[in-house]
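Asker: Predicted coordinates and the sequence they were generated for:
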Amino acid sequence: QSLDDLKRDAATNGDVLTYGMGYNNQRYSSLKQINKGNASKLHPVWAYSLNNSQSQESQPIIYQGVMYVTTHNTTVAINPVTGKQIWKQEFDLPQDVFKMACCGILNRGVAIYDGKLFRATLDAHIVAMDAKTGKQLWKSKAADYQNGQAMTSAPLIANGVVITGIAGGEYGTRGFIDGWDPETGKKLWRFYTTAAPDQKGGDTWPGDTHLKGGAPTWLTGAYDPELDLVYWGTGNGGPWNPNVRKGDNLYINSVVAFRPKTGELVWHYQFSPNDPYDYDSTEVGMLVDMKIAGKDRKVLTQANRNGFMYVLDRASGELLAANPYVKVNWADRIDLKTGRPVHSEMDKKARAGEDVEIFPSVLGGKNWSPMSWNPQTGLAYANTLNISWPYQLSKPEYKRGEWYVGVNYRGVNMPKDEPHGFLSALDPMTGKSKWQMAWPGQPSMAGTLSTAGGLVFTGAATGEFIAVDAENGKKLYEFQTSSGIIGLPVTFVQDGKQYVSVVSGSGGVWALLGDERMSQVPAGGSVWTFAVE
Ligand SMILES: O=C(O)c1cc(C(=O)O)c2c(n1)C(=O)C(=O)c1cc(C(=O)O)[nH]c1-2
Ligand SMILES: [Ca+2]
C-alpha cells in the first residue's frame, strides 16, 4: 500500500485501503456481481466475534487477503474469506478514560500505509503497528486524556503524512489536527482549529475563550491528491452556550482545506458561525465531480448536522448550494451570497434564553455516520433523523474532564406520529430526497455503501443488515445480525467473488439517550460477511 495504491483505492476492488473506500469518501464500489437481480440470494458466509460489548463503529480495511478491524481495546486481523483470526492485539486503557468519551467507547478503524497500521486510542495516543503481526512499532501522545480529549477515529494518510483528529468538544477543550511522520511517530505539525488572538480568525473569539472553544476534529477527512488538499470537518463550539463566546468562533463547525505536508490552511467554510446546538460538522462529506449549470465542477458535498445539505467548490471553498434535507427551524435559509445562515425567530429566542424546541436535535439531521454516493443515480444515500430537542441555555461551569456545555440538557424529542428516521436518497443540489425508506422503529445511525450493482447497503439499530434498490429504496435483502448496527459496510472481491462486510454491535450516542426500545437489542460486537451463492 504505497501512496499510489491509496490514491487508486476506489478503483481497486480487491482492497479497501482507506476510510471512505477511496480518498473521495464516496463509499462506492464498481462491483456488480451482487446486484438488484440476485441480492435476495445474499447470505452470511461467516461471523467473527469481537468479544467486546462496547460500540462497534470500525470500518474494515482489507489488504492482500487480510481484513483489519478495531474495537476500543483490540486490533484484529482476519481472513476475509473464512473469518478465521490471523492475529489479535489487545492493550490496556486507564480506567478513568471511559468518562472522557462523550458518546460511546469505540474506535472507527485503522489506516494502512507502507506495511504499517495506524490507529488511535481513547486515551489520545496514536499507535503504529506492523501489519503482519500487530506488533507495536511506535506510540505517540496527542493530548492529555484527563482534560476530556479522546481519539475515536481512523487516521488519514495523505502525501506520506499520518493525519489525526481529536474529540472533546463537550469538555471545554481546544481542537486540533495533527500530522505525524509514519516512520518515527514524530509530530510534524499541528493546526489548532480555534484561532488564537494572533492568528487569522483570532478576532472572532472574545478574550481567551478560544482555549476552551471546542472545534473538535473527531472524524476522518477526505483528500484530493490532484489539488493536494485535505478536507477536515470541525465540531461544535465549546461550551454549547454561545453567549460566552460572542463572535463567529473560527474554525468551529467548518470544513478546513489544508496542505497535508505542512498543515497550512488554504481555505475554510464555516457552516454554523457561533453555533449553539452541537452541530458538529466533523463528517466532512464526499468529493464528487458533477455538472452544475452545464459546467463540470469539483465539489465537496456534506449533509451537515445543522440540517442543510451543502455543495462547495472544493478548489476554492465557494458555496454553490445549501438547502434543508430535514426539518430545520434554527435558520430560515443559507444566503448564497454571504454564505451565512439567516437566523430564524426561533434561534433568536433560544439565544435569549427562552425554552424552545429546536429542529434538528443535538444529534443533527444526520449524525456522524457517513453517506455514500452512486454516480449512476447522482444521489447521496444517508441515514437521516426526524428528531428535535428541548433547548434552553444555562450557566456553563468548567471542571476539568467534565461536560462543559451551558445548556439545560434534557435529551431529544421523537415525534409521535411520524418515523424517527429514514434512509434517504438525497440530491445534493436541492437537499430533496428522491425517495425515503422510513425506519419502522428506532432510526439508524449506521453508514451506507453504494455499488454499481444498483444497491445501497446499510443496517438497522435493531440489527438487520439490509440491501435496498438505489433507484427506489425497495428492500431486497434483510438479515438479523447479533446486535444493533452502527457500523459502515464495505465491499471487496477475493478470488473472483464479491463480499460485503459490516461490524455489528450497538452503542454510540444513541445508546446513551435512554430510548427504552434499546432494551430489546443485545450488545456484543461481531463482524459479518455476506455473499451470493
Ligand atoms: O464534540 C466531540 O468531541 C464529539 C465526539 C464524538 C465522538 O468522538 O465519537 C461524538 C460527538 N461529539 C457528538 O456530538 C455525537 O453526536 C457523537 C455520536 C457519536 C457516536 O459514535 O455515536 N460520537 C459522537
Ligand atoms: Ca459534539
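Answerer: Nice, thanks for sending it over. Ligands and ions are numbered 1, 2, ... in the order given.

Asker: Dihedrals phi and psi, I358?
Answerer: phi -110, psi 130 (degrees, to the nearest 10).

Asker: pull the CA atoms of stretch 87-98 into PDB?
Answerer: What follows is stretch 87-98 as a C-alpha-only set of coordinates in PDB (Å, rounded to 0.1, in the frame of the first residue of the first chain):
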ATOM      1  CA  TRP A  87      -3.700 -12.200  14.900                       C
ATOM      2  CA  LYS A  88      -5.200 -10.200  17.700                       C
ATOM      3  CA  GLN A  89      -3.600  -7.500  19.800                       C
ATOM      4  CA  GLU A  90      -5.100  -6.200  23.000                       C
ATOM      5  CA  PHE A  91      -4.000  -3.200  25.000                       C
ATOM      6  CA  ASP A  92      -4.900  -1.700  28.400                       C
ATOM      7  CA  LEU A  93      -6.500   1.700  28.900                       C
ATOM      8  CA  PRO A  94      -6.600   3.700  32.100                       C
ATOM      9  CA  GLN A  95      -9.900   3.100  33.900                       C
ATOM     10  CA  ASP A  96     -10.700   6.800  34.200                       C
ATOM     11  CA  VAL A  97     -10.600   7.200  30.400                       C
ATOM     12  CA  PHE A  98     -14.100   5.900  29.900                       C
END
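
Asker: Show the contacting residues for W240.
Answerer: E170, P276, Y277, D278, P396, V405, G406, V407 (C-beta atoms under 8 Å, 6 or more residues apart in numbering). Bear in mind the C-beta positions are built from the backbone N, C-alpha and C, glycine included.

Asker: neighbours around M67, how many?
Answerer: When neighbours are defined as other C-beta atoms under 10 Å, M67 has 25 of them.

Asker: same thing with the one 10 residues further on?
Answerer: If you count neighbours by other C-beta under 10 Å, A77 ends up with 23.

Asker: and the longest helix along the chain, what other elements does it pack with?
Answerer: Longest helix of the chain, by residue count under DSSP state H: helix 345-351. Packing partners of helix 345-351 (3 or more C-beta pairs under 8 Å, 6 or more residues apart in numbering; DSSP states H and E): strand 356-358.

Asker: Give the other helices and strands that the helix or strand following the strand it packs on contacts.
Answerer: For strand 356-358, the following helix or strand on the C-terminal side (DSSP states H and E) is strand 372-374. Applying 3+ C-beta pairs under 8 Å, 6+ apart, one finds that strand 372-374 makes contact with strand 28-29, strand 286-292, strand 379-385, strand 449-451.

Asker: can you give me the angle the second one makes with strand 379-385?
Answerer: For strand 286-292 against strand 379-385, the angle by axes from the mean of the first three to the mean of the last three C-alpha atoms, to 10 degrees is 120 degrees.

Asker: what are the pairing partners of strand 286-292, and which direction each?
Answerer: strand 295-303 (antiparallel) (DSSP bridges).

Asker: And the partner strand, what's buried?
Answerer: R297, K298, V299, L300, T301, Q302, A303 (16 or more other C-beta atoms under 10 Å).

Asker: Angles on the backbone of D96, please.
Answerer: The phi/psi pair for D96 (degrees, to the nearest 10) is phi -80, psi 10.

Asker: Including mean pLDDT, could the helices and strands packed on strand 372-374 go into JSON lines?
Answerer: Shown next, in JSON lines, are the helices and strands packed on strand 372-374 (pLDDT from 0 to 100):
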{"stretch": "strand 28-29", "mean pLDDT": "98"}
{"stretch": "strand 286-292", "mean pLDDT": "96"}
{"stretch": "strand 379-385", "mean pLDDT": "98"}
{"stretch": "strand 449-451", "mean pLDDT": "98"}
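
Asker: Ok, which of those strands comes nearest S424?
Answerer: Closest of the helices and strands packed on strand 372-374 to S424 is strand 379-385, at 4.6 Å (criterion: C-beta to C-beta).

Asker: Send over that closest one as PDB, restricted to the C-alpha atoms.
Answerer: These are the backbone C-alpha positions of strand 379-385, laid out as PDB (Å, rounded to 0.1, in the frame of the first residue of the first chain):
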ATOM      1  CA  LEU A 379     -27.700  10.600  -5.400                       C
ATOM      2  CA  ALA A 380     -26.200  10.600  -1.900                       C
ATOM      3  CA  TYR A 381     -27.500   7.900   0.500                       C
ATOM      4  CA  ALA A 382     -27.700   8.800   4.100                       C
ATOM      5  CA  ASN A 383     -29.500   7.700   7.300                       C
ATOM      6  CA  THR A 384     -31.300  10.900   8.400                       C
ATOM      7  CA  LEU A 385     -33.100  11.800  11.600                       C
END
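
Asker: Counting by contacts, list what that strand packs against.
Answerer: strand 295-303, strand 372-374, strand 421-426, strand 455-459.

Asker: list the buried ones in the worst-scoring helix or strand of the chain on mean pLDDT?
Answerer: Within the chain, no helix or strand scores below helix 3-7, which has a mean of 91 by mean pLDDT, DSSP states H and E. For helix 3-7, a neighbour-count test (16+ other C-beta under 10 Å) marks D5, L6, K7 as buried.
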